[in-house]
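Undergrad: Curious how this folds, go ahead:
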Amino acid sequence: MPTVDLGRKFANAEATRNSLGVIIDAAFPTNKISKQIKSEYMINLRNNLDMANDLNLRYIYIGSYSSHSRSRSKYGQLKREAERLVILKGANILRVGLITDPVNPKGRYQQFANISRLLPFIPVFPVNWCPIFITTLEDFRLEIEKSLVAQKLNTITSVGKAVTFSTLFEASSKSTKKFYIPEILMIIGMYFCRLLPLGRFDIVKSILYKEERN
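TA: The predicted structure follows:
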């Protein structure tokens, strides 16, 4: 299926409207999320959604599992606000986890893998701590293909599975040694993590909590 790269703003969508059927929005700030960047992103997203509605185009927003209410990161909070706007405007959300591709890692997964390989051990977290969702590149591609031919509006589709953070470390680590982290350290770490500005590691706040299970 032919595609057109519209960039972060859909200013050229009007000129190419005859060749467009579905807009897939995967744009998101890659730098530190300041108040100004957050405001500009939400204004741009609203304009893009309005333009898509004016042109009668289906709109698929790439959401995140980090948009859940327990996420304390600026990334998760902005994703949560963005998803609310997308639903309000009658568009669709495709919620994905960390995109993993062990053969050809890219993006955040590559950054994580690089850090994991530098550690002399595999960190093992207490039960129910640091839940994380992953989505394979192949599953993401297949779900995009299904979304392109679907006609439903105002839907939320999730693709991915939950794994332990330790499993993710083990898959990319060069070490076989394991370091078991006491729960008290996790509680202390969570407390200070929420208070401190973590810059480009802010996304850690999205997973640094204990999942409550019955």
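Undergrad: what about the longest helix in this protein?
TA: The longest helix of the chain (DSSP state H) is helix 35-54.
Undergrad: From the centroid of this protein, which residue is nearest?
TA: The centroid of the chain falls nearest to residue 64 when counting by C-alpha atoms, centre = their mean (3.7 Å).
Undergrad: burial count for residue 210?
TA: Neighbour count of residue 210, defined by other C-beta atoms under 10 Å: 17. From N, CA and C alone the C-beta is placed, and that goes for glycine too.
Undergrad: which ones are touching it?
TA: Contacts for residue 210 (C-beta atoms under 8 Å, 6 or more residues apart in numbering) come out as 126, 128-129, 186, 190.
Undergrad: is it in a bridge, and if so with what?
TA: Residues in a beta bridge with residue 210, per DSSP bridges, are residue 129.
Undergrad: name the element the nearest residue to the residue nearest to the centre of the chain once chain neighbours are set aside belongs to?
TA: Excluding the flanking residues, the one nearest residue 64 by C-beta to C-beta, 6 or more residues apart in numbering is residue 79, at 4.5 Å. Assigned by DSSP states H and E, residue 79 belongs to helix 74-88.
Undergrad: Give the other helices and strands that that helix contacts.
TA: On a contact count with 3 or more C-beta pairs under 8 Å, 6 or more residues apart in numbering; DSSP states H and E, helix 74-88 meets helix 35-54, strand 58-64, strand 92-96.
Undergrad: Take these and write them to JSON lines, including mean pLDDT and distance to residue 207.
TA: Output for the helices and strands packed on helix 74-88, formatted as JSON lines (pLDDT from 0 to 100; distance: least, C-beta to C-beta, whole Å):
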{"stretch": "helix 35-54", "mean pLDDT": "90", "distance to residue 207": "21"}
{"stretch": "strand 58-64", "mean pLDDT": "90", "distance to residue 207": "11"}
{"stretch": "strand 92-96", "mean pLDDT": "90", "distance to residue 207": "15"}
